[in-house]
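Participant: Sequence first, then the predicted structure:
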Amino acid sequence: MHVPKGKKIYFASDNHLGAPTKAASLPREKKFVAWLDEVKQDAAAIFLLGDLFDFWMEYRNVVPKGFTRTLGKLAEITDSGIPVYFFVGNHDLWMNGYFEEELNIPVYHKPQEFTFNNTSFFIGHGDGLGPGDKGYKRMKKLFTNPISKWMFKRLLHPDFAMRLGNYLSVKNKLISGDDDAKFLGEDNEWLVQYCKRKLEDKHRDYFVFGHRHLPLNIDLTQNSKYINLGDWIQYYTYGVFDGEKMELKTFKS
């Protein structure tokens, strides 16, 4: 992808809209929509790296109600010709075509490689990567198992299923990641270790992830960086690539 002069690529992650309640998250949603309004002025593309919602479940003909400000703004942006890319997180991994069909937004379930102006990026949400976190990895296998998904959708009434999903997203620490609020040091950061192992196979200029809820900018080597985007709960941080360099910024409006 070529980034024209004066254009930028934007990255954001971990909004967790709907948590702890929809009413409590509404001010955050409005702030995020204001950010989308601002960045669309010079965006070449926008990357959303997961956990946009605190819980998301798609049925064949039904999606969760609410979040109309965000969904409407994303539709407006893609209709204007600005591409938006979405990577599922551990809270909104049960997507099944709605973003692609209704919003024209491609959805990725695994990290992907991109090249912008000869600068290489490895991009994903970040959950379940690297060593450790074995409890969550086992849970993710259960959540992504086709039989488990079928049973959840078919055996539970949608109203009850949504209430259960929202409850678990907030209360279950294996899902919510409540223990991930502090920097553990490079040697204990699973994503740092994951990125360093990936560099053994192939060079990437930037590894960009979410999930950790911490804005991080760490040198992996002299020419490679790991960037974590932080969140839109406490930090309101986002990434921006101007065609030459990537940096973290804070939205204050």
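Facilitator: All right, it came through fine. Here the structure is a predicted model, which is why all the values come from computation and not from measurement. Residues are numbered from 1 along each chain as shown.

Participant: Residues in contact with stretch 220-233: which ones?
Facilitator: Stretch 220-233 has contacts (CB atoms under 8 Å, 6 or more residues apart in numbering) with 11-16, 28, 31-32, 49, 126, 191-192, 195-196, 199, 203-219, 236-239, 246, 248. No exception for glycine: its C-beta is placed from N, CA and C like everyone else's.

Participant: Regarding A75, what is its secondary structure?
Facilitator: Look at A75: counting by DSSP: H, G, I helix; E, B strand; the rest coil, its state is helix.

Participant: Can you tell me, leaving aside adjacent residues, what's nearest to it?
Facilitator: Of all residues not flanking A75 in the chain, L103 sits nearest, at 5.2 Å (CB to CB, 6 or more residues apart in numbering).

Participant: Contact partners for that neighbour?
Facilitator: Applying CB under 8 Å, 6+ apart, the residues near L103 are 71, 74-75, 78, 84.

Participant: same thing with Y59?
Facilitator: With contacts defined as CB under 8 Å, 6+ apart, the neighbours of Y59 are 153, 158.

Participant: Tell me if I am right that it is in a helix.
Facilitator: No. When classified by three-state DSSP, Y59 is found to be coil rather than part of a helix.

Participant: May I have the beta-bridge partners of T115?
Facilitator: When bridges are called by DSSP bridges, T115 pairs up with S120.

Participant: Just the pLDDT for it.
Facilitator: Predicted confidence (pLDDT) at T115: the value is 97.

Participant: Please report how far the closest residue to L164 other than its chain neighbours lies from M57.
Facilitator: In space, L164 comes closest to L156 once its chain neighbours are excluded; the distance is 7.1 Å by CB to CB, 6+ apart. From L156 over to M57 the distance is 10 Å, taken as CB to CB, to the nearest Å.
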